[in-house]
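In: Based on what follows, work out the 3D shape:
(chains A, B and C)
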Amino acid sequence: MLSPNTPETKPIKLSVKDLAFCYGEKRVLDGLTLDIHAERVTAIIGPSGCGKSTFLKCFNRIHEVSSAVKVTGDMLIDGVDIYRGGIDVVDLRRRVGMVFQKPNPFPKSIYENVAFGPRLFGVNDRASLDLLVEDALRKAALWDEVKDRLKESATGMSGGQQQRLCIARALAVNPEVLLMDEPCSALDPIATSKIEELILELKKTLTIVIVTHNMQQAARVSEYTAFFWLGKLVEMGLTERIFTTPRERMTEDYITGRFG
Amino acid sequence: MNDSSESTLAATKPLDAVSGTKRIQPVLPVFRQSRLHRLADRWSHLLFLACSLLVVALIGGILFFLATRGLAAFFPLAGNTGRTLSFSEVFLTTDWAPSSDRFGILPFVAGSLAVTGLALLVAAPTGILTGVFIAKLAPPWMRTLMRQVMDLLVGIPSVVYGIFGLTVILPLVSRTWLTNAPASGFAISAMILSVMIVPTIVSLATDAFESLPPSLDEGSQALGSSRWQAIWHVLMPAAKPRLLTATVLGLGRAIGEAMAVQMVIGNNPQWIALMRESTDRAPFLRALFTPAATLTTELVQELPNTAAGSPWNNVLFAMGLLLYLLTMVLILTTRRLGRGQEA
Amino acid sequence: MRTLPALRTSPTAKHVDRLMRGVLWIIALGFIAVLLIFVGAILKQGWPVLNLGFLTKMPETLDAGGGIKPQIFNSLYLVVLSLGLSLPVGLGAGIYMAEYAGKGRALQFFRLCIETLAATPSIVLALFGMIAFVQTMGWSFSIRSGALTLALLNLPVITRVTEVSLQSVPRELKEACYGLGATKLQTILKVALPYAATGILTGLVLTAGRAFGESAILVFTAGTNTSGQFPDFRLTVPGETLSVHLWSVTSDGTLPDAREIAAGTAAVMILILLILNLLVRFLDRAIRRRTR
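Out: The predicted model follows:
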């Protein structure tokens, strides 16, 4: 884990400046400014309804699918604004993968779930697909469990397996960033610990942003932690520091369980 | 950052447990959407839009074609090869004798209203009550059974309803009472029509009751009201706009039905004159069993026998136009009702 | 101090409650009885007529003993043709309304048009088909006039069922697909439509049943004659269907055995519709199993 006196060596992957997010007339996020480093895990914590999930969805603009929203401010990936910088939203979503709160595999076979992404991009030959599917399943630490039943329906798996399948599905299109929206909230402790181990492995190559309301989880997996409250960023810093010597009274109260 | 150094909450873990054996990782390509996919995505919505616009165009197209022929009865349009009729002689007289150049369609309008009204008189209350029954009172097995019964009733073709009326109900009625009467007429038409439209009313009424918040029902019963009191005083008024919509749509189906009614109503355009002459002591009962005609039955009966462009033919199309405009009015009425419910 | 009266459900209210429960049961059972009597009577009348000869012989014009072979063919042919015409348009319009039209005025207007078309009496559609296809296009009473007009009857139902089925696709599935970098079109074609397929198929079977039973439209567009050949796939010949045949033999009265033929035809139609109904229930169960 990164400690306060070792300097950060990884470059900034995602950069947010003065971001505001309006849902109709309602302002959900306001004045957010923060940086996220490559190959680090950044945890976002805060009470329910503080806008942390919304914030996560801003990174791949998935909120645009279902509702009309207004986003102001800057949001950069590798220095390019994802809302204005001529970035194609479809390409952005390929680069910024997402894992959702509830496991949401497609009602298809395990194999087809993972192969779905590559197929979207025109990969259709069997050999390449086999390779990609195996690679993604291995990265998601699922290969050994499912290699003999790739043709079976994904909906028959356990919740934890389904969630790792969703991670594999996201990995199969080779993303640079992985957004995780409370990925363990629907899982039991054993499945949760498997996902956490997986996150620690994945961060070697990926930038990971994880929303969680489990403080221990944030402490276990992340290098950086951001604390949100009512759509505003209260405090952000190295996880170790946030959890030991928070600067804000509110952060301390939340971490120690005095509210939220 | 001048925080104290050593952490207490640091919880790192060795990672070799995760992927285990070493292996060669394939170098993943940077996937990109092909030009074709992007182009297809950009333009495909126009295709879907065109399909929707086709439906809109059809609504207009039907109106246009019916109007060119129907209005030709009243105006010297291209489709009119005979004499131009006046609105009053068509809509306000009861004398229909096209071969003698008399074109009063009032008997058909009145016939349509009468048969529809009678059918609704039976179908609306029973349909709504069945809706309550399915939504609130019936045990689950009965609920499923009733839904299937309604599905089957709505699926039976109108000519089969017609043949049933012709071969089963008609002989039955003329044999049992009113032996010297032909028996065909409004009563039997309405009876068959009511069975035909009841599934529409039942399914919409069931939806109406099921969509009410359960708290309404529970709230009323928690005050000690009986099940029926809750239904009558709380649920029925709450569902009223949607029940009215159900009735209006049932009305629409009844007024537009052609074949089944045509097979049993007796097809007598002169029914009003016949009624007038009759000296029966129970004229209303007699009217129920007098052969009559409606807008739709007259179209089925006479349209194939008329020459295009003749006033006779044009008046028939005007009757079709009337039915179409009526449909539009009914649909707009249901919209109105729906809006009242939201407010 | 006054004591409050004890509030009890009055005996009358109890009686009314029991009475009305009874009435509701009687009405419901009444409808079941109506259906049973109906189907029973039609099948009983038609049963003596139903045999292989009736189903496989050509119809007679003046003598007794004719069959309904070409009418069965025409019925199925017209159902398939009209569904083939209305399915692509209905799917397209349904997709537009569910996925592209948003929630504003445009959607309301399209819905209004669909509802109007759905509520338009088939006799009015018949008049339209007669003017537009039979007369203006000069196609006379033919399979193509019939199929096109019949497609108008199917169109609103297919559009509506497509829209509703697409709306029932869980948002998470669509989001998962978008999250992988799929375009909107890919999401619709690869995730939403396959998920909605069973629902659309159920609607399609119901529509087929309706088109199969339709008579008013076809009397005025496909005519009351057959071409005299079997099987005749030409689109330009008149094509009398089972339901039209049932109507025309009853109202013409030239056949000595019109009664028997009508009874037999009605029984055949009821049997085919019962089979379709079983198919719908089977599909319905498939949907429920998946959503569970």
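In: Contact partners for C:Tyr96?
Out: B:His45, B:Phe48, B:Leu49, B:Cys51, B:Ser52, C:Phe110 (C-beta atoms under 8 Å, 6 or more residues apart in numbering or on different chains). For glycine as for every other residue, the C-beta is placed from the backbone atoms N, C-alpha and C.
In: The closest residue in space to it that isn't next to it in sequence: what secondary structure?
Out: In space, and not counting its chain neighbours, C:Tyr96 is closest to B:Phe48: 3.7 Å by C-beta to C-beta, 6 or more residues apart in numbering or on different chains. On the three-state scheme (DSSP: H, G, I helix; E, B strand; the rest coil), B:Phe48 is labelled helix.
In: Double-check B:Phe48 against C:Ala93; I have them as touching.
Out: Yes. Look at B:Phe48 against C:Ala93 with C-beta atoms under 8 Å: they come within range, at 7.1 Å.
In: Looking at these two, which one has more neighbours?
Out: A side-by-side neighbour count of B:Phe48 and C:Ala93, using other C-beta atoms under 10 Å in any protein chain shown, places C:Ala93 first with 31 against 22.
In: That one: what's it in contact with?
Out: B:Phe48, B:Cys51, B:Ser52, B:Leu54, B:Val55, C:Phe110, C:Ile114, C:Leu155, C:Thr159, C:Thr162.
In: Likewise for C:Val219?
Out: Contacts of C:Val219 (C-beta under 8 Å, 6+ apart): B:Met259, B:Val300, B:Pro304, C:Ala126, C:Val244, C:Trp247, C:Ser248.
In: Which positions in whichever helix or strand C:Arg289 is part of come out as buried?
Out: Element membership of C:Arg289 [criterion: DSSP states H and E] is helix C:258-291. Neighbour counts over helix C:258-291 (16 or more other C-beta atoms under 10 Å in any protein chain shown) mark C:258-270, C:272-273, C:276-277, C:279-280, C:283, C:287 as buried.
In: Count the residues that sit near the residue nearest to A:Ser67 when sequence neighbours are not counted.
Out: In space, and not counting its chain neighbours, A:Ser67 is closest to A:Tyr23: 7.1 Å by C-beta to C-beta, 6+ apart. A:Tyr23 has 15 neighbours, counted by other C-beta under 10 Å.
In: Test my guess that C:Ile145 contacts C:Gln135.
Out: Slight slip there: residue C:145 is Ser, not Ile. No. In this structure C:Ser145 lies outside contact range of C:Gln135 using C-beta under 8 Å: 9.5 Å.
In: who has more neighbours, the two?
Out: The neighbour count for C:Ser145 versus C:Gln135, taken as other C-beta under 10 Å, is higher for C:Ser145 (29 against 15).
In: Low-confidence regions, the chain specifically.
Out: Here I'm looking at chain A. Residue ranges of chain A with pLDDT under 70: A:1-2, A:4, A:66, A:85, A:259-260.
In: please go with chain B instead
Out: Judged by pLDDT under 70, the stretches of chain B that qualify are B:1-27, B:176-182, B:279-283, B:340-343.
In: mind listing the strands for it?
Out: Along chain B, the stretches classed as strands by DSSP state E are B:96-97, B:102-103.
In: For chain A, find the nearest of those strands.
Out: The closest of the strands of chain B to chain A is strand B:102-103. By C-beta to the nearest C-beta, the value is 55.9 Å.
In: tell me which strands and helices that closest one is in contact with?
Out: On a contact count with 3 or more C-beta pairs under 8 Å, 6 or more residues apart in numbering or on different chains; DSSP states H and E, strand B:102-103 meets helix B:87-91, helix B:311-342.
In: Need the winner for burial among those.
Out: Comparing those by mean neighbour count (mean count of other C-beta atoms under 10 Å in any protein chain shown), helix B:311-342 ranks first with a mean of 19.
In: Give me the contact status of it with chain C.
Out: Yes. Remark: helix B:311-342 sits within contact range of chain C at B:Phe317, B:Gly320, B:Leu323, B:Tyr324, B:Thr327, B:Met328, B:Leu330, B:Ile331, B:Thr334, B:Arg335, by C-beta under 8 Å from any C-beta of the partner chain.
In: ok, the first one touching B:Gly70?
Out: Spelled out, that is B:Phe317. Yes. Between B:Phe317 and B:Gly70 there is a contact under C-beta under 8 Å: 4.3 Å.
In: Which neighbours do the two have in common?
Out: Here B:Phe317 and B:Gly70 have no joint contacts, going by C-beta under 8 Å, 6+ apart.
In: In contact with residue 121, which residues are there?
Out: Here I'm looking at chain A. A:Arg94, A:Val173, B:Phe31, B:Arg32, B:Gln33, B:Ser34, C:Gly181.
In: that's the wrong chain, I meant chain C
Out: Listed by C-beta under 8 Å, 6+ apart, the contact partners of C:Pro121 are B:Gly252, B:Ile255, B:Gly256, B:Glu257, B:Ala258, B:Thr296, B:Leu323, B:Tyr324, B:Thr327, C:Ala216.
In: In JSON lines: the residues you listed, plus distance to chain A.
Out: Listed next are the contacts of C:Pro121 as JSON lines, based on distance: C-beta to the nearest C-beta, whole Å:
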{"residue": "B:Gly252", "distance to chain A": "35"}
{"residue": "B:Ile255", "distance to chain A": "41"}
{"residue": "B:Gly256", "distance to chain A": "39"}
{"residue": "B:Glu257", "distance to chain A": "42"}
{"residue": "B:Ala258", "distance to chain A": "44"}
{"residue": "B:Thr296", "distance to chain A": "45"}
{"residue": "B:Leu323", "distance to chain A": "41"}
{"residue": "B:Tyr324", "distance to chain A": "37"}
{"residue": "B:Thr327", "distance to chain A": "35"}
{"residue": "C:Ala216", "distance to chain A": "42"}
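In: Closest one of those residues to A:Met215?
Out: Ranked by distance to A:Met215 (C-beta to C-beta), those are led by B:Gly252 at 61.2 Å.
In: residues near the closest one, how many?
Out: Neighbours around B:Gly252, by other C-beta under 10 Å: 25.
In: Skipping adjacent residues, who's closest to B:Phe317 in space?
Out: B:Phe317's closest residue in space is B:Arg69 (C-beta to C-beta, 6+ apart), at 3.8 Å.
In: Chain C contacts on the stretch 51-200 of chain A?
Out: Contact residues, the stretch 51-200 of chain A versus chain C (C-beta under 8 Å from any C-beta): A:60, A:62, A:65-66, A:90-95, A:97-98, A:100, A:102, A:104-107, A:116-117, A:120-121, A:166, A:169-170, A:173.
In: For ChimeraX, what selects the buried ones among the residues you listed?
Out: A single ChimeraX command selects the buried members of those (16+ other C-beta under 10 Å):
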select /A:60,62,65,90,92,93,94,95,97,98,100,102,104,105,106,116,117,120,121,166,169,170,173
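In: which parts of the stretch 151-260 of chain A sit against chain B?
Out: Taking C-beta under 8 Å from any C-beta as the contact definition, the stretch 151-260 of chain A meets chain B at A:173-174, A:197-198, A:200-201, A:216, A:219-220, A:237-241, A:243-245.
In: Can you show me the helices along the chain?
Out: No chain was given, so I picked chain A. A:52-58, A:89-95, A:110-120, A:126-139, A:143-146, A:159-171, A:189-202, A:215-221, A:239-244, A:249-255 (DSSP state H).
In: wait, I meant chain C there
Out: Going by DSSP H, chain C shows helices at C:11-46, C:52-56, C:69-95, C:105-119, C:122-129, C:143-167, C:171-179, C:184-187, C:193-213, C:216-221, C:242-252, C:258-291.
In: tell me which residues in the third one are buried?
Out: Burial within helix C:69-95, assessed by neighbour count using 16+ other C-beta under 10 Å, is assigned to C:69-79, C:81-83, C:85-87, C:89-95.
In: which ones are touching residue 226?
Out: Just so you know, I chose chain A. Here A:Ala226 is in contact with A:Leu34, A:Thr42, A:Ala43, A:Ile44, A:Ile45, A:Leu233, A:Glu235, A:Met236 (C-beta under 8 Å, 6+ apart).
In: My question was about chain B, not that one.
Out: For B:Ser226, the contacting residues are C:Thr9, C:Ala13, C:Lys14, C:Val16, C:Asp17, by C-beta under 8 Å, 6+ apart.
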